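Undergrad: Could you look at this predicted model? Sequence included:
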Amino acid sequence: MSQPPPGDRHLVVLGASGQIAAVARRLGCRLIHVQKPGSPLEQFIEPGSVRSTYYTADYTADSFPSFVEQVLRPLAPDAVVSVREDGLVPAALANARLGLAGTPLDVVETLRDKAKMRALLEGKAPHLTVRASVPASLEDAVDTFLSWGARPAILKPRASSGSRGVVLVESVADLLAQGDPSGQVLEEYLPGQEYSAESFSVDGVHRVVALVEKHVGPSFVELAHVVPPPSLGVPAAVVQDQLIEFLDVVGLVDGPAHTEFKLTDGGIRIIESHNRVGGDGIPHLVRIVTGIDLQRWSLGWPLGLGGPGPQDRPAAAAAAIAFATAPQGTVESVALPTLEFADATVEDVRSFVRPGDKVGALTSSSARVGSASVSGADPSWVLTAARTAAEGIGVVSRPVGVPL
C-alpha cells in the first residue's frame, strides 16, 4: 500500500527541543507536540500555521495512557516518536496502544533497563557483555564484588542517562559508602577508551553510520566526542560486525540506535545502548562527516520515509565537540571566545548558562556550562581545537555562601 503524501500524515513528537521541532517541521507533515508542563510554547508552533498542535502533558506519568486514549486516539496520528531518553518508553507504549509503527515496547525496555540487556546478552551473546549483577542488598553487592576478585566495578542505575548516578567502585569501602544498592546494577569495569556507534536500521538491515570516540571526566561525565575515532586501532568492519550482532540480539529492527562500547582483545564489549540518536551534539558531528541527518530519519522513519539513502555531501573529514565546565556556584559572568585555527573550522561556540544560573557538581552532563565544535581534515587536530575553544569559554561563578 502506498504511503499518503507527507502533508496528510500526522506525527506526534514527545518532548521536543527547539532543534528537534525545527527538524520535524521540515518533514512536511502535520505535527502534534506533547510537552511536559512548563515547557515554552513559542518555539514549537509555526507562526500563523494550523499545521502544528500543542498539548501539555507529562508523558512519563502513570496517567499518560489515558491521555493517549482520550486525546491522541481521536487525532488519528500516523506515528508517535521521541528522541529523548525519558520519551522512548512512552512513545513505544502509545504506538502499541494505537497500533502504529515504532520500536516495540519490549525492545525499548530491554535497552533502557541495563539489567535486562545484560541478562539477554549473557544468554545469547556472552562475548559482547561483561559480568553484571542486580544486588538484592548491600551484603549481596559486597559478596559479588569479592567474588569478582575485588576488581574495579561500576555501580549505576538500571535506567538512566547522562552519566547520572554512575560510580566507580574500587574497594569494599567504596561500595559500603554507596549505601543500599536497590534498583542499581553492579557490573565489571573495563578500563580503556570508550566509543559509541550511531546506527540506523530498516527492516532488520543495520547500517553503522558513524563511530565516535568519547572522552570523559569525573563521574564519567562526557567532556568531548570526535568523529571518526582516531584511536580505534582496529578495522571499522570488525567493530561493525559485532555491533550488528548486538542489534540483532536485542531485537531492534527499524530506526536509530546509539550504542556505547569498549574494545578488548576479544572484540567489543557493550556498555549500554538506546533506540535513539546520541546526544551531546553527536548528530551534528555525524552530519558534518557523513552528510546524513540522523535526527530527520529518526523522526521520519515511522511515517514510511525509510532510512538514510541519498545524502548531502560531507562537509569535512572529521568533527569534534568539547564541553566547558566551571566551579560550583552562581554564575556571575559569561564570555565566549573568538578563535581561529589553521586547518580547522569553528562550527559553533555556545554557553549553556547565563548570569544568575546555578552550576552544580560535575556528576552529570547537566552540570556542563558550554560547548565548542570544530571540523577539519584530521580528527586528532579537530579534537584539540575543540578543547581549546571550550577552555576559552569564560564562565565566572561565585561559590555558594560567598557574599557579593
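TA: Great, that's in hand.

Undergrad: do you know how far V289 is from P191?
TA: Using Cβ to Cβ, to the nearest Å, we find V289 at a distance of 28 Å from P191. Where C-beta positions appear, they are placed from N, C-alpha and C, glycine not excepted.

Undergrad: between these two, which one's more packed in?
TA: Per other Cβ atoms under 10 Å, whichever of V289 and P191 has more neighbours is V289, with 22 against 7.

Undergrad: Quick one: neighbours of the closest residue to that one other than its chain neighbours, just the number.
TA: Of all residues not flanking V289 in the chain, V227 sits nearest, at 4.9 Å (Cβ to Cβ, 6 or more residues apart in numbering). The number of residues packed near V227 is 30, by other Cβ under 10 Å.

Undergrad: Just list whatever residues bridge to V227.
TA: With DSSP bridges as the criterion, V227 is bridged to A319.

Undergrad: Let me see the confidence value for it.
TA: Reported pLDDT at V227 in the predicted model: 98.

Undergrad: so what secondary structure elements neighbour whichever strand or helix holds R269?
TA: R269 belongs to strand 267-274 when assigned by DSSP states H and E. Here strand 267-274 touches helix 105-112, helix 114-124, helix 236-250, strand 255-264, going by 3 or more Cβ pairs under 8 Å, 6 or more residues apart in numbering; DSSP states H and E.

Undergrad: As a markdown table, those with mean pLDDT, distance to P65 and mean neighbour count would be great.
TA: Converted to a markdown table, the helices and strands packed on strand 267-274 look like this (pLDDT from 0 to 100; distance: least, Cβ to Cβ, whole Å; neighbours: other Cβ atoms under 10 Å):
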| stretch | mean pLDDT | distance to P65 | mean neighbour count |
| --- | --- | --- | --- |
| helix 105-112 | 96 | 12 | 20 |
| helix 114-124 | 95 | 22 | 18 |
| helix 236-250 | 94 | 25 | 17 |
| strand 255-264 | 95 | 22 | 21 |
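
Undergrad: To P379, which of the ones you listed lies closest?
TA: Proximity of those to P379 was assessed by Cβ to Cβ; the nearest stretch is helix 236-250, lying at 13.0 Å.

Undergrad: Contacts for the closest one, please.
TA: 107, 110-111, 117, 120-121, 124-125, 128, 195, 197, 199, 201, 204, 206, 208, 211, 228, 232, 257, 259, 261, 263, 267-268, 270, 273 (Cβ atoms under 8 Å, 6 or more residues apart in numbering).

Undergrad: I'd like to check the angle between it and strand 255-264, please.
TA: 120 degrees (axes from the mean of the first three to the mean of the last three Cα atoms, to 10 degrees).

Undergrad: Please shift the residue numbers so they start at 884 in all later answers.
TA: In the new count, where the first residue is 884, that last one comes out as helix 1119-1133.

Undergrad: what angle do helix 1119-1133 and strand 1150-1157 make?
TA: 50 degrees.

Undergrad: Determine how far helix 1119-1133 lies from the middle of the whole chain.
TA: Computed by Cα atoms, centre = their mean, to the nearest Å, the chain-centroid distance of helix 1119-1133 equals 19 Å.

Undergrad: Repeat that for stretch 944-962.
TA: 25 Å.

Undergrad: got it, and stretch 1018-1027?
TA: Worked out by Cα atoms, centre = their mean, stretch 1018-1027 lies 30 Å from the chain centre.

Undergrad: mean confidence for it?
TA: 93.

Undergrad: Okay, now the sheet partners of the top strand by length along the chain, with direction.
TA: Determined from DSSP state E, the single longest strand within the chain is strand 1088-1099. Within its sheet, strand 1088-1099 is paired with strand 1077-1085 (antiparallel), strand 1105-1110 (antiparallel), according to DSSP bridges.

Undergrad: Can you mark which positions in it are buried?
TA: Neighbour-count burial for strand 1088-1099 flags H1089, V1091, V1092, A1093, L1094, V1095, E1096, K1097, H1098 (criterion: 16 or more other Cβ atoms under 10 Å).

Undergrad: Name the nearest of those relative to T943.
TA: Set against T943, the nearest of those by Cβ to Cβ is K1097 (26.8 Å).

Undergrad: Can you name the residues bridging to the closest one?
TA: Here K1097, judged by DSSP bridges, has bridge partners E1077, H1108.

Undergrad: Check it and give its pLDDT.
TA: 97.

Undergrad: Alpha carbons of the longest strand of the chain, as CSV, please.
TA: Only the C-alpha atoms of strand 1088-1099 are listed here, as CSV (Å, rounded to 0.1, in the frame of the first residue of the first chain):
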residue,chain,number,x,y,z
VAL,A,1088,19.2,-4.4,8.0
HIS,A,1089,21.6,-2.4,10.2
ARG,A,1090,23.8,0.3,8.9
VAL,A,1091,26.6,1.7,11.2
VAL,A,1092,26.6,5.3,10.1
ALA,A,1093,29.5,6.6,12.2
LEU,A,1094,31.8,5.6,15.0
VAL,A,1095,32.6,8.1,17.7
GLU,A,1096,35.4,8.4,20.2
LYS,A,1097,34.3,9.6,23.7
HIS,A,1098,36.3,11.3,26.4
VAL,A,1099,35.0,11.6,30.0
